[in-house]
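**Student:** Okay, sequence plus prediction incoming.
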Amino acid sequence: MNPKPEILIIGGGVIGVAVADALSRAGSAVVLIDRDLPGHGCSYGNAGWVAPCFATPLPRPGLLLKAARWMLDRRSPLRIPLRPDPALVAWLVRFLWNTRQERFVAGTRALVELSQYSLEAFGELASDRRRGLDLQRKGLLQVGLTPKGVTGLVADLRMMEAFGVEGTVLDEEGVREVEPSLTGPVAGGVHFPQEAHLEPLEAVRAFAKRAEDAGAQIIPSTEAIRFRRDGDRITGVLTTRGWIEPATVVLASGVWSRSLAAQVGLSLPLFGGKGYSVTVDRSATALRTPVLVAERKVAITPHSGRVRLAGTLELVKDHETMIAPHRVDAIRKTATDLLGLPEWVSVDEPWRGLRPCTPDGLPVIGRSRRVPNLMVAAGHQMLGLQTAPATARLVTDLVHDHTPSFDPQPFSPERYE
Ligand SMILES: Cc1cc2nc3c(=O)[nH]c(=O)nc-3n(C[C@H](O)[C@H](O)[C@H](O)COP(=O)(O)OP(=O)(O)OC[C@H]3O[C@@H](n4cnc5c(N)ncnc54)[C@H](O)[C@@H]3O)c2cc1C
C-alpha cells in the first residue's frame, strides 16, 4: 500500500468506490481503505433502485405527524425513538425545520439532478461488459393500497414532472395491466417508465474494478482509527495497518463518518436510518417491474434469481444494528399480500443496513472549511446508490478545482460547520 497517496478514501461503500473510480480516472493517485470488505455496509442488501422519481429528501411536509401516529404500531414503516438524547433532539428539531414545503421542493430538485446524472452514468458503466453490471431499465411502479395513498403518489408525480421525471397515473386496472403479478388489493398507482434497478453489490464491484484498472489501490480489512493534525490540516491517518499520510482525505464512511469527523471538530449530524431486506426465490412470482407500496414504504424488486423485499426506517445510533424480527415480518407481509404469495413461502437472507441520514435529507458533499484537506462524501440517506456517480463527479470537480458539474451549495459541509 502506498503510505503517502495523493488521496485517501475512508470507506468502501458505493460512495467510496464511486469516488475512487472517478478520481483515479481523472488522474489522481488513490488509496481506499475499508474496515470490512467493500460494499458490505449499507450498500450491500438495498433495493438497488436508480430511480429519479424516488429522489426526495426524507423530511417532507406532514411526516412527523405521521410518525407520531405510527408510534404505537410496531410494524410501522417509520420509527423515531423518543429518548432524552440531546443529539437526537437537536437532529429532530432540524428535521422538523426541513419538513417545510419549500425546503422539500428545493431538496427534491437537487436530488433529482444528482439522480438523473447517475442514471446515465450507470448506463455507461453497464454498457462495458467487462464490468459485470446488469442494469435493468424496466421502469418502476408505485402503487397505493388506498385512494388516499394514490392521491399522495399523484401529488409527488406532479412535483417530479416539473423536474423532468415522466410518469403515468393508473387506476387499479392499469396497475394490473403493467404488472399482472400484483394480485392483492390496490387502488391505483403511477408508472415511471425510465427508472432502472441493479444488484447493489455488483455496482460496488464494478466501480471498484474500474478504479483498480485506473490505478487505485483498494485495501479491505483496514480501519481508520484516528487523525493526526498540524494546524487545520490532517497530516496522517492511523489505520489498523499503520499510518497513511495523504494530501487529501475523503470521508466516505457512511453513517460512521459522524464519529470520524468529530475527531477533527466537524459536526456531521448523522443518524442511522435502519432498514431491512429479505429475499424470496424468483420462482415464487413472475414480477417483472420493481414496485413501491406507498402506504407501507415497501420496495419489491425482481433481481435475477431472487426478489428482494426492502423497507422500514428506524432512526438509530451507528452501533444499533440488531435485526428486529417484527419489522422484517411487516415487510414480508406487505409484499406477500400484494403478490398473493402463500404464507409458507420461504423468506431468506434477512439483512439490515444503516442509511446515513442527515436532518435535511441531503448528502454532505464537499470540502470542510475547518479542515481544508478533508473532503466529505456522506449522508446519502435512502439514495446513496442512485446518487453515487454524481457524488463522485462533484467530489472530483472539487478536488481538482474544476467548475462543479452541479451546484455544490445544497450539499456543502458548511451548513453544519
Ligand atoms: C433497506 C434499504 C434499501 C435501500 N434502497 C436503496 C435504493 O434502492 N437505492 C439507493 O440509491 N439507495 C438505497 N438505500 C440507501 C443506500 O443503501 C445508502 O444510501 C448507501 O448504501 C450509502 O452508501 P455509503 O457508501 O455512504 O455507506 P456504506 O455502504 O455504509 O459504506 C460505508 C463503508 O465505510 C466503512 N467504514 C466505516 N468506518 C470505517 C473506518 N473507520 N475505517 C474504514 N472503513 C470504515 C464501512 O465498512 C462501510 O463499508 C437503501 C438502504 C436500505 C437500508
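**Tutor:** That came through, no problem.
**Student:** part of a strand, is Thr391?
**Tutor:** No - counting by DSSP: H, G, I helix; E, B strand; the rest coil, Thr391 is not part of a strand but helix.
**Student:** tally of neighbours for it?
**Tutor:** The number of residues packed near Thr391 is 28, by other CB atoms under 10 Å. C-beta coordinates here come from the backbone N, C-alpha and C atoms, glycine included.
**Student:** hang on, it packs against Ala18?
**Tutor:** Yes - using CB atoms under 8 Å, Thr391 is in contact with Ala18, at 6.5 Å.
**Student:** in what helix or strand does the closest residue to Pro389 other than its chain neighbours lie?
**Tutor:** What sits nearest to Pro389 in space, not counting adjacent residues and going by CB to CB, 6 or more residues apart in numbering, is Ala121, at 3.5 Å. Ala121 belongs to helix 101-127 when assigned by DSSP states H and E.
**Student:** Quick one: mean pLDDT for the helix or strand just after that helix?
**Tutor:** Tracing the chain C-terminally past helix 101-127 and defining elements by DSSP H and E, one meets strand 140-144 next. In this model, strand 140-144 has an average pLDDT of 98.
**Student:** Check which strands are paired with strand 140-144 and give the direction for each one.
**Tutor:** Its sheet considered, strand 140-144 pairs with strand 188-192 (antiparallel), strand 291-293 (parallel) by DSSP bridges.
**Student:** Would you pull up how far it lies from the middle of the chain?
**Tutor:** Remark: strand 140-144 is offset 19 Å from the chain centroid, using CA atoms, centre = their mean, to the nearest Å.
**Student:** got a list of contacts for it?
**Tutor:** Residues from elsewhere that reach strand 140-144, judged by CB atoms under 8 Å, 6 or more residues apart in numbering: 49, 51, 53-54, 149-153, 175, 178-179, 182, 186-192, 195, 197, 289-295, 338.
**Student:** So which of these belong to helices?
**Tutor:** Those of the contacts of strand 140-144 mapping onto helices are 149-153, 175, 178, 338, per DSSP state H.
**Student:** how far does stretch 375-390 stretch from start to finish?
**Tutor:** Counting by CA to CA, to the nearest Å, you get 15 Å between the two ends of stretch 375-390.
**Student:** Residues of the stretch 201-350 of the chain that sit close to the ligand?
**Tutor:** Counting by CB under 6 Å from any ligand atom, the stretch 201-350 of the chain comes close to the ligand at 223-224, 252-254, 256, 260, 275-277, 310.
**Student:** By neighbour count, which of these wins?
**Tutor:** Going by other CB under 10 Å, Ala252 tops those with 32 neighbours.
**Student:** neighbours around the closest residue in space to Leu339 that isn't next to it in sequence, how many?
**Tutor:** Spatial nearest neighbour of Leu339, chain neighbours left out: Thr285 (4.9 Å); criterion: CB to CB, 6+ apart. As a burial measure, Thr285 scores 21 neighbours (other CB under 10 Å).
**Student:** shouldn't Thr285 be in contact with Leu338?
**Tutor:** No - applying CB under 8 Å, one finds Thr285 not in contact with Leu338, separated by 9.9 Å.
**Student:** How many residues are close by whichever residue of the stretch 251-400 of the chain sits closest to the ligand?
**Tutor:** Nearest to the ligand in the stretch 251-400 of the chain, going by CB to the nearest ligand atom, is Gly384, at a distance of 2.3 Å. Gly384 has 27 neighbours, counted by other CB under 10 Å.
**Student:** any idea how far the helix or strand of the chain with the lowest mean pLDDT is from the chain center?
**Tutor:** Using mean pLDDT, DSSP states H and E, helix 63-69 stands out as the lowest-scoring helix or strand of the chain, at a mean of 81. Counting by CA atoms, centre = their mean, helix 63-69 is centred 22 Å from the centre of its parent chain.
**Student:** In terms of secondary structure, what does that helix contact?
**Tutor:** With contacts taken as 3 or more CB pairs under 8 Å, 6 or more residues apart in numbering; DSSP states H and E, helix 63-69 sits against strand 78-79, helix 86-97.
**Student:** now, of these, which is deepest in the fold?
**Tutor:** With neighbours defined as mean count of other CB atoms under 10 Å, these peak in mean count at strand 78-79, which reaches a mean of 20.
**Student:** And for it, what's in contact with it?
**Tutor:** The contact list for strand 78-79, computed with CB under 8 Å, 6+ apart, reads 63, 66-67, 70, 297, 312-315.
**Student:** and what of stretch 173-192?
**Tutor:** Residues from elsewhere that reach stretch 173-192 (CB under 8 Å, 6+ apart): 51, 53, 139-147, 149-150, 153-154, 156-157, 165-172, 285-289, 291, 294, 337-340.
**Student:** Off-centre distance for that stretch?
**Tutor:** Distance of stretch 173-192 from its chain centroid, counting by CA atoms, centre = their mean, is 26 Å.
**Student:** avg pLDDT for that stretch?
**Tutor:** The average of the pLDDT scores along stretch 173-192 is 97.
**Student:** Same question for stretch 402-410.
**Tutor:** If you average the pLDDT over stretch 402-410, you get 97.
**Student:** From the residues of the stretch 201-350 of the chain next to the ligand, which land in strands?
**Tutor:** Members of those lying in strands (criterion: DSSP state E): 224, 275-277, 310.
**Student:** Need these in TSV (columns: distance to Trp97 and pLDDT).
**Tutor:** Shown next, in TSV, are those (distance: CB to CB, whole Å; pLDDT from 0 to 100):
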residue	distance to Trp97	pLDDT
Ala224	32	98
Gly275	24	97
Tyr276	29	97
Ser277	31	97
Ala310	29	97
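**Student:** so can I have a markdown table of those showing distance to Arg210?
**Tutor:** Listed next are these as a markdown table, based on distance: CB to CB, whole Å:
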| residue | distance to Arg210 |
| --- | --- |
| Ala224 | 23 |
| Gly275 | 28 |
| Tyr276 | 30 |
| Ser277 | 26 |
| Ala310 | 26 |
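**Student:** Pick the one among these closest to Leu362.
**Tutor:** The closest of these to Leu362 turns out to be Gly275 (CB to CB; 18.4 Å).
**Student:** All good on my end, thank you.
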